[in-house]
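Visitor: Give the three-dimensional model of this entry:
(one chain, ligands or ions: 1)
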Amino acid sequence: MTNALDLRDLRYAYPDGRVALDGVSLSVAEGERVAILGPNGAGKSTLLLHLNGLLPARLPRDASVHVFGRPLIEETADAARRAVGLLFQDPDDQFLCPTVREEVRFGPEQFGWTEARIAEETARALAQAGIPDFGARAPHHLSRGEKRRVCLAAVLACAPRLLALDEPTSDLDPRGKRELRALLRVLPVTMLLATHDLELAVEICPRSVLLDAGRVVADGPTIALLSDEPLMLAHGLERPHLLAHRHPHPPLPDAP
Ligand code: ADP
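Guide: Next comes the predicted model:
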């Protein structure tokens, strides 16, 4: 089976010379859900931005990005953008339209689909994101959690084969986090999830890749990685509470 993603020796420095990716190689099979973990500045967002050709038009020699078996080059960038749905970290970066319905229709309208298909995909995406009755509202008037769902619906309406999510639960309240987790858990799509929310990683992604300073420092089952306290601490993270060993409370003294 073709992999959803194959990265080979991906390197990227921003125009000011700061190296964000320092030789990342990674393969993700179709249907996998992989968390990309790492401290601030590890290169997680930069990695996701490469997946649909948002960053460089040309990669360094010997580096390659393959999306569903096709090399990502200038000529294939449009096809990659259709295959990869990227959910940005800040929902306000994503809004283009005055109403939620127009926002969610925007992507499908660019694809030349029939009106019936556009309406069907829009309704499906709104329902998948848990916002079937938001259509007429203005995206900018919504709460953070609602904005995230609208962005997710807009991405899902394009029927991506690979969903790349950048910190989807940052700044959500506990209920918003819970609801988003429940949504993500049932989406039938290959997923790459860059996050600091380690509990989200445990719940959604059987596999995790740990990045630090633009390099992959660990790649394996999420529970094994996150339970490795020295590894977590060495890379600016911590073992999530839900994996911590339980220390039983000391027994209460006998009643006199
Ligand atoms: P993460 O998502 O893991 O926090 P980023 O991919 O945002 O990491 O950043 C990786 C590195 O690239 C960091 O050192 C960051 O400061 C740098 N960086 C990110 N965006 C830019 C930019 N637009 N210009 C220059 N450096 C940047």
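Visitor: where do the strands sit along the stretch 51-200 of the chain?
Guide: Assigned by DSSP state E, counting those that start in this stretch, the stretch 51-200 of the chain shows strands spanning 64-67, 70-71, 84-87, 162-166, 190-194.
Visitor: Point me to the residue of the stretch 51-200 of the chain nearest the ligand.
Guide: Nearest residue of the stretch 51-200 of the chain to the ligand (Cβ to the nearest ligand atom) works out as residue 194 at 6.2 Å. Every C-beta, even on glycine, is put in place using the N, C-alpha and C of the backbone.
Visitor: residues near the residue lying closest to residue 85 once chain neighbours are set aside, how many?
Guide: Nearest residue to residue 85, sequence neighbours excluded (Cβ to Cβ, 6 or more residues apart in numbering): residue 160, at 3.1 Å. Neighbour count for residue 160, taken as other Cβ atoms under 10 Å: 21.
Visitor: Let me know the pLDDT of residue 160.
Guide: Per-residue pLDDT puts residue 160 at 93.
Visitor: With the one 5 residues further on instead?
Guide: At residue 165 the predicted local confidence, pLDDT, stands at 95.
Visitor: Next: the one 4 residues further on.
Guide: We have a pLDDT of 88 for residue 169.
Visitor: same deal with residue 39?
Guide: On the pLDDT scale, residue 39 gets 93.
Visitor: Over to the one 10 residues further on?
Guide: pLDDT recorded at residue 49 is 89.
Visitor: for residue 217, same thing?
Guide: 97.
Visitor: distance of it from the ligand?
Guide: Here the criterion is Cβ to the nearest ligand atom, to the nearest Å. By it, residue 217 lies 13 Å from the ligand.
Visitor: And that residue, how far from residue 165?
Guide: 21 Å (Cβ to Cβ, to the nearest Å).
Visitor: Comparing these two, which shows the higher neighbour count?
Guide: residue 165 (27 against 16).
Visitor: okay, which residue is most central for this protein?
Guide: residue 165 (1.7 Å; Cα atoms, centre = their mean).
Visitor: if we can go back for a sec, now the strands of the stretch 51-200 of the chain in CSV, with distance to residue 226?
Guide: Formatted as CSV, these follow (distance: least, Cβ to Cβ, whole Å):
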stretch, distance to residue 226
strand 64-67, 27
strand 70-71, 33
strand 84-87, 23
strand 162-166, 18
strand 190-194, 14
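Visitor: show me what contacts the closest residue to residue 158 other than its chain neighbours?
Guide: Closest residue to residue 158 apart from its sequence neighbours, by Cβ to Cβ, 6+ apart: residue 107 at 4.0 Å. Contact analysis of residue 107 by Cβ atoms under 8 Å, 6 or more residues apart in numbering lists 154-155, 157-158.
Visitor: Same check on residue 40?
Guide: Here residue 40 is in contact with residue 236 (Cβ under 8 Å, 6+ apart).
Visitor: so it sits in a strand?
Guide: No - Residue 40: not assigned to a strand; according to DSSP: H, G, I helix; E, B strand; the rest coil it is coil.
Visitor: Could you check how far it is from residue 194?
Guide: For residue 40 relative to residue 194 (Cβ to Cβ), the value is 11 Å.
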